[in-house]
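Student: Here you go, sequence then predicted model.
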Amino acid sequence: MRAMARYVLDALNVIGAVPADWPADREAAVRHLVERAVAFAARTGDELVLVVDGAKIPGLPKQGAVRVVFARRGGPDAADDRVVEWLEADRDPTSIEVVTLDEDLRRRVRKLGARVGSPAALLDRFSAGSGG
């Protein structure tokens, strides 16, 4: 039996990893990513934290294995700083895979012992077994 995986997603970076999929509506894009994460977590038992830049989005579903957190401030690297903060507070950051293409964030989280993954690989896992 596969052990549960733990992910922290640089959410807008994951959304933007597929430029053709980047919509004009940031809120709709985040909601769609949350829906995909919830379906993935239900199928796998994995835990996911989505870290989102910008204004809070009301009414996102509260799901046990999927948590959405927002950057604490605006501006450059706000979500990156929140990802690092999340890892620093975790009891075992070495058990977490941070999903981002941001090279500076990748460097920062590796220093904390976390693994890094690509958005494309995670989105492929989201699609596996889901019919799309």
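Tutor: Happy to help now that I have it.

Student: Show me the helices in this protein, by range?
Tutor: Using DSSP state H, the helices of the chain run over residues 11-16, 26-44, 78-89, 103-111, 119-127.

Student: Now the third one: average pLDDT?
Tutor: Averaging the model's pLDDT scores along helix 78-89 yields 96.

Student: got the buried residues for that helix?
Tutor: The neighbour-count check on helix 78-89 (16 or more other C-beta atoms under 10 Å) flags 78-84, 86-87 as buried. From N, CA and C alone the C-beta is placed, and that goes for glycine too.

Student: Closest one to residue 16 out of these, please.
Tutor: Nearest to residue 16 out of the buried residues of helix 78-89 is residue 79 (C-beta to C-beta; 11.7 Å).

Student: The closest one and residue 9 touch, don't they?
Tutor: No: contact between residue 79 and residue 9 fails when scored by C-beta atoms under 8 Å: they sit 9.7 Å apart.

Student: okay, and the common contacts of those two?
Tutor: Counting by C-beta atoms under 8 Å, 6 or more residues apart in numbering, the contacts common to residue 79 and residue 9 are residue 51.

Student: quick one on the thing from earlier: okay, the buried residues of helix 78-89 in JSON lines with distance to residue 109 next?
Tutor: Listed next are the buried residues of helix 78-89 as JSON lines, based on distance: C-beta to C-beta, whole Å:
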{"residue": "78", "distance to residue 109": "16"}
{"residue": "79", "distance to residue 109": "12"}
{"residue": "80", "distance to residue 109": "9"}
{"residue": "81", "distance to residue 109": "12"}
{"residue": "82", "distance to residue 109": "12"}
{"residue": "83", "distance to residue 109": "7"}
{"residue": "84", "distance to residue 109": "7"}
{"residue": "86", "distance to residue 109": "10"}
{"residue": "87", "distance to residue 109": "6"}
